[in-house]
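*Asks:* Build me a structure from this.
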Amino acid sequence: MKIAIIGAGNMGGALARGLAKGALISTSDIYVANPSTAKLDRLKAEFADINTTTSNTEAVAATDMVVLAVKPWKVEEVLAEIKPSLDYEHQAVASMVGGLGIAQLSAWLDKGDGQLPATYLIIPNTAIATMSSMTFIASARATKEQDAELVDIFNELGEAMLVDEGLIPAGTSLASCGIAYALRYIRASMEGGVELGFRADDAKRIVMQTLRGAADILAANNSHPEAEIDRVTTPGGLTIKGLNAMEANGFTNSVIEGLRASTKR
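*Replies:* Model (predicted):
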């Protein structure tokens with residue numbers, strides 16, 4: 001598969017880097033377009049075989065899938081520019097733009113002849129650059145084979161889940177916004193570690209490894225978090241005192257309210 005990425009900002013650049021590190025897409029089959037050259041030059045310096053251009057129409061010309069990774073207010077303009085040169089029978093269109101649904105994309109893609117391409121919403125997080133994203137994919141007018149191929153590509157970049165479009169806002173909150181929430185927890189734990197006597201870099205290292213361990217335990221045991229919590233809490237022990245203090249200060253409710261708030265448009 002040849003992929004064109006329109007936009008080389010945070011998400012477009014992260015996707016290009018993740019794909020280039022993987023084995024399913026050849027680096028020479030990745031095309032990235034951006035209006036300015038600085039971000040393109042950085043990509044080229046890292047991956048010499050990536051194709052870069054300042055022309056959107058040039059980027060999409062020979063590709064099988066076009067991925068939109070631009071600001072929301074640029075999508076309509078970009079689609080108006082490239083859709084005359086798109087072959088809807090052979091090219092799919094995907095959007096990584098939060099808050100934009102398939103119905104709106106389809107309206108902007110309409111050429112007036114009744115044809116529309118296979119269309120995707122793809123919501124990764126910035127960890128896609130390090131091949132450890134959680135990515136949600138919703139599709140319309142795509143075959144099962146197309147869906148399976150796209151899920152395979154994004155599974156190589158972490159984990160991917162094909163979902164109904166209605167779950168995209170929740171997925172965005174849990175994983176795309178969620179990576180910021182996880183980082184905020186790391187920062188808070190670092191500050192606590194410094195207060196307890198560790199240097200900041202050492203506290204960060206400790207918290208990062210602790211989170212890796214927690215995730216690995218859940219994956220290895222296929223268990224519920226509370227079951228693993230029970231393994232490290234003893235009557236009158238330190239862990240239960242810490243957990244109760246966190247809950248008294250609104251820990252669980254704060255997380256849930258944050259997730260709920262980030263699904264609202």
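*Asks:* Could you use CA atoms for every contact and neighbour count after this?
*Replies:* Will do.
*Asks:* where along this structure do the helices fall?
*Replies:* 10-21, 38-46, 56-60, 75-82, 102-109, 144-155, 168-171, 178-195, 200-221, 225-232, 238-248, 251-261 (DSSP state H).
*Asks:* closest to residue 2 out of these?
*Replies:* Closest approach to residue 2 among the helices of the chain is made by helix 56-60 (9.3 Å; Cα to Cα).
*Asks:* what distance separates the closest one from the centre of its chain?
*Replies:* 23 Å (Cα atoms, centre = their mean, to the nearest Å).
*Asks:* burial of the closest residue to residue 14 other than its chain neighbours, as a residue count?
*Replies:* The shortest distance from residue 14 to any non-neighbouring residue, by Cα to Cα, 6 or more residues apart in numbering, is to residue 129 (4.3 Å). The number of residues packed around residue 129, counting by other Cα atoms under 10 Å, is 22.
*Asks:* quick one: contacts for residue 129?
*Replies:* Contacts for residue 129 (Cα atoms under 8 Å, 6 or more residues apart in numbering) come out as 13, 14, 15, 16, 17, 18, 157.
*Asks:* What subset of those is buried?
*Replies:* Buried residues within the contacts of residue 129, counting neighbours by 16 or more other Cα atoms under 10 Å: 13, 14, 15, 16, 17, 18, 157.
*Asks:* about what we covered before: can I get the helices of the chain in a markdown table with distance to residue 1 and mean pLDDT?
*Replies:* A markdown table is the format used below for those (distance: least, Cα to Cα, whole Å; pLDDT from 0 to 100):
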| stretch | distance to residue 1 | mean pLDDT |
| --- | --- | --- |
| helix 10-21 | 11 | 95 |
| helix 38-46 | 20 | 97 |
| helix 56-60 | 13 | 97 |
| helix 75-82 | 19 | 97 |
| helix 102-109 | 21 | 97 |
| helix 144-155 | 9 | 96 |
| helix 168-171 | 25 | 95 |
| helix 178-195 | 29 | 97 |
| helix 200-221 | 31 | 97 |
| helix 225-232 | 39 | 97 |
| helix 238-248 | 48 | 97 |
| helix 251-261 | 35 | 96 |
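*Asks:* Kindly reformat the ones you listed as JSON lines containing distance to residue 94.
*Replies:* Listed next are the helices of the chain as JSON lines, based on distance: least, Cα to Cα, whole Å:
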{"stretch": "helix 10-21", "distance to residue 94": "12"}
{"stretch": "helix 38-46", "distance to residue 94": "21"}
{"stretch": "helix 56-60", "distance to residue 94": "12"}
{"stretch": "helix 75-82", "distance to residue 94": "11"}
{"stretch": "helix 102-109", "distance to residue 94": "9"}
{"stretch": "helix 144-155", "distance to residue 94": "10"}
{"stretch": "helix 168-171", "distance to residue 94": "14"}
{"stretch": "helix 178-195", "distance to residue 94": "22"}
{"stretch": "helix 200-221", "distance to residue 94": "30"}
{"stretch": "helix 225-232", "distance to residue 94": "34"}
{"stretch": "helix 238-248", "distance to residue 94": "41"}
{"stretch": "helix 251-261", "distance to residue 94": "25"}
